[in-house]
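Participant: build the 3D model from these lines:
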Amino acid sequence: MTAALSDPRAFLLHLLHVAIARAQPARTLAGFLPPPPKGRTVVLGAGKAAGAMAHALEAAWPAEAPLSGLVVTRYGHTPPRLAGVPARLEIVEAAHPVPDEAGERAARRLLALTENLSANDLVLCLISGGGSALLTLPADGLTLADKQRINRELLASGAGIHEMNALRKHLSRIKGGRLAAACGPAQVLTLAISDVPGDDLSVIASGPTVGDESTCAEALAIARRHGIALPPAIVAGLESGALETPKPDDPLFARHQVRLIATPQQSLQAAAEAARAAGIAAHILSDEIEGESREIGRVHAALARAAVAGKGAFETPCVILSGGETTVTLGALVPGAKPGRGGRAGEFSLALAQALQGQPGVWGLAADTDGIDGVEDNAGALVAPDTLARAAALGLDLPDHLARHDAVGFFGALDDLVVTGPTHTNVNDFRALLLGRCE
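Facilitator: Here you go, the predicted model:
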């Protein structure tokens, strides 16, 4: 028996930590930096990894070269400063996933830093997932309260990340390429960590420095399809095209470059290599899996059950890895039911456990690589062959917890929550199934 199968939980957690380590800015950012410009270097950034990206930049940028700027990250997601590296950039914190006044103030300050830039200046934009909420500057006719309501409704609607960000871009004065537009005539280099399926640069943090192919008409259709009420002035602006975003072929992007410094696929590959080094075959399904979390959990369970029965495409023992961004659609609760707590990784894990039905030889882990599953303090959860038996012994009703989206209540009682704390990076969902042989 390999070490992986002798302690499956520790092995799966090891793979998660390897995936997270691969996406750390301190490991990747320096290799993408240009030489200092003739003029100033101004840093603008937003996202859950923005604090770590700022620290990595401070460490890598020549000490004699000017460097100043501001980044905004989520509350509690500013990492400790690197030893011996002087502070040169300001880091502020704001709310995620629902924006707050601190995020709006930060967005205004970021936009103000673009004033009076010259062609000799360089703007380094540090962008990562979470920037959509952290960098909030409502369009004319929209208030912060409006944006907060719209964000909450989008999060509960089951809309995919591409839909959510297409709408967000058209309701903002800084997203959808508008930050880049404000930086002219300076050179702009965006360094991004991808948290979206397909690494679509225009979707990461709603693409503040990238041309936007979506249109006002599409944004309005998304709002109507998901029942998102918009103020009359915004509806009029979308209908007339007044709120249109700059497009990828706009000349304003001529001096702009974008580099991905970490991606979901790279992290999955790192985890696969770690599994193989431990003597376990590893297979990556995809880094672009989308859909309802519970349905994705059931599909993974079906693949696992087939494999351990010798009927699937994978020979056991092995690890099956996947990433992407699933969704959780919040439905109406049974009258009197207590609302649950959890995110998409927990929802996947509930459905996985239910569909596996205690299948011997299968262990699973699902987590968000930023360390926060939804708005909770856990990153995700673990599933084991004895999950249902231990739950039954404690009187836990899995279907009830799944109906109430209560992964925290279920897995917390089993001591099976995955808790990493903020990881200071974000390459989206990480899922790993460890399959042994079912004798």
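Participant: Ala282 belongs to a strand?
Facilitator: Yes: using DSSP: H, G, I helix; E, B strand; the rest coil, the assignment for Ala282 is a strand.
Participant: so how many other residues sit close to it?
Facilitator: Using other CB atoms under 10 Å, Ala282 has 21 neighbouring residues. In this view, the C-beta of every residue, glycine as well, is placed from N, C-alpha and C.
Participant: beta partners of it?
Facilitator: Per DSSP bridges, the residues bridged to Ala282 are Val319.
Participant: that one contacts Gln269, doesn't it?
Facilitator: No: using CB atoms under 8 Å, Ala282 makes no contact with Gln269, being 9.2 Å away.
Participant: how about low-confidence regions in the protein?
Facilitator: 1, 332-337, 437-439 (pLDDT under 70).
Participant: quick one, strands of the chain?
Facilitator: 41-46, 68-74, 90-94, 122-127, 187-193, 256-262, 281-284, 289-292, 318-327, 362-368, 380-383, 417-418, 429-435 (DSSP state E).
Participant: closest to Ala139 out of the ones you listed?
Facilitator: strand 41-46 (17.4 Å; CB to CB).
Participant: and the closest one, which strands flank it?
Facilitator: Here, using DSSP bridges, strand 41-46 pairs with strand 68-74 (parallel), strand 122-127 (parallel).
Participant: and stretch 2-14, what's buried?
Facilitator: Applying a neighbour-count criterion of 16 or more other CB atoms under 10 Å, one finds Ala4, Leu5, Pro8, Phe11, Leu12, Leu13, His14 buried in stretch 2-14.
Participant: run the chain-centre distance for that stretch.
Facilitator: In this view, stretch 2-14 has its centroid 26 Å away from the chain centroid, taken as CA atoms, centre = their mean, to the nearest Å.
Participant: pick the most deeply packed of the strands paired with strand 41-46.
Facilitator: strand 122-127 (a mean of 27; mean count of other CB atoms under 10 Å).
Participant: what angle do that one and strand 256-262 make?
Facilitator: 40 degrees (axes from the mean of the first three to the mean of the last three CA atoms, to 10 degrees).
Participant: picking up where we left off before, go through the strands of the chain and name the closest to Ala205.
Facilitator: strand 122-127 (4.9 Å).
Participant: what's the angle from the closest one to strand 187-193?
Facilitator: Using the same axes, to 10 degrees: strand 122-127 against strand 187-193 is 20 degrees.
Participant: ok, and what's touching strand 122-127?
Facilitator: 33-34, 36-37, 39-47, 49-50, 53-54, 57, 69, 71, 114, 117, 179-180, 183, 186-193, 204-205, 208-209 (CB atoms under 8 Å, 6 or more residues apart in numbering).
Participant: just the buried residues out of these, in PyMOL syntax.
Facilitator: Listed next is the PyMOL selection for buried residues among the contacts of strand 122-127, using 16+ other CB under 10 Å:
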select buried, resi 33+37+40+41+42+43+44+45+46+47+49+50+53+54+57+69+71+114+117+179+180+183+186+187+188+189+190+191+192+193+204+205+208+209
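Participant: Leu394: how many residues sit nearby?
Facilitator: For Leu394, using other CB under 10 Å, the count is 9.
Participant: rewinding a little: nearest to Ile20, of the strands of the chain?
Facilitator: strand 429-435 (7.9 Å).
Participant: specify the angle between the closest one and strand 362-368 in degrees.
Facilitator: Using the same axes, to 10 degrees: strand 429-435 against strand 362-368 is 170 degrees.
Participant: show me what strand 429-435 is packed up against.
Facilitator: helix 8-22, helix 264-277, helix 293-308, strand 318-327, helix 344-356, strand 362-368 (3 or more CB pairs under 8 Å, 6 or more residues apart in numbering; DSSP states H and E).
Participant: could those go into TSV alongside distance to Thr215?
Facilitator: Listed next are those as TSV, based on distance: least, CB to CB, whole Å:
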stretch	distance to Thr215
helix 8-22	36
helix 264-277	27
helix 293-308	29
strand 318-327	23
helix 344-356	28
strand 362-368	31
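Participant: can you list the domain ranges for the chain.
Facilitator: 3-20+264-435, 25-137+172-211+246-262 (automatic domain parsing).
Participant: quote the end-to-end distance of the first one.
Facilitator: In other words, domain 3-20+264-435. 13 Å (CA to CA, to the nearest Å).
Participant: same thing with stretch 331-343?
Facilitator: Termini of stretch 331-343 sit 14 Å apart (CA to CA).
Participant: cool, and stretch 132-151?
Facilitator: With CA to CA, one end of stretch 132-151 sits 10 Å from the other.
Participant: and it, what's buried?
Facilitator: 132-139, 141-142, 146-148, 150-151.
Participant: the domains of the chain: which one's closest to Gly158?
Facilitator: With CB to CB as the criterion, Gly158 lies closest to domain 3-20+264-435 of those, at 3.2 Å.
Participant: quick one on the thing from earlier: Ala366 is nearest to which of the strands paired with strand 41-46?
Facilitator: strand 68-74 (20.7 Å).
Participant: give me the distance from that closest one to the chain's centre.
Facilitator: For strand 68-74, the distance to the chain centre is 18 Å (CA atoms, centre = their mean).
Participant: check stretch 231-246 too.
Facilitator: 28 Å.
Participant: and what of stretch 241-258?
Facilitator: 24 Å.
Participant: what's the answer for stretch 427-439, then?
Facilitator: 20 Å.
Participant: and for stretch 345-353?
Facilitator: Using CA atoms, centre = their mean, the offset of stretch 345-353 from its chain centre is 18 Å.
Participant: same deal with stretch 146-164?
Facilitator: 15 Å.
Participant: change the start of the numbering to 28 and stick with it
Facilitator: Noted, 28 is the first residue going forward, which turns the last one into stretch 173-191.
Participant: and the helices in the stretch 128-277 of the chain?
Facilitator: 128-139, 158-161, 171-184, 188-197, 205-210, 243-252, 259-267 (DSSP state H, counting those that start in this stretch).
Participant: tell me the angle the fourth one makes with helix 171-184.
Facilitator: Spelled out, that is helix 188-197. 170 degrees.
Participant: what angle sits between helix 188-197 and helix 259-267?
Facilitator: Using the same axes, to 10 degrees: helix 188-197 against helix 259-267 is 110 degrees.
Participant: contacting residues around helix 188-197?
Facilitator: Contacts of helix 188-197 (CB under 8 Å, 6+ apart): 159, 166, 177, 181, 202-203, 223-224, 227, 229-230, 233-234, 239, 241, 243, 245-246, 249-250, 253, 255, 265, 270-272, 317, 352.
Participant: now stretch 351-360: buried residues?
Facilitator: Gly351, Glu352, Thr353, Thr354, Val355.
Participant: of those, closest to Ala394?
Facilitator: Nearest member of the buried residues of stretch 351-360 to Ala394, counting by CB to CB, is Thr353, at 12.3 Å.
Participant: skip the chain neighbours and tell me the closest residue to the closest one.
Facilitator: Ser320 (4.2 Å; CB to CB, 6 or more residues apart in numbering).
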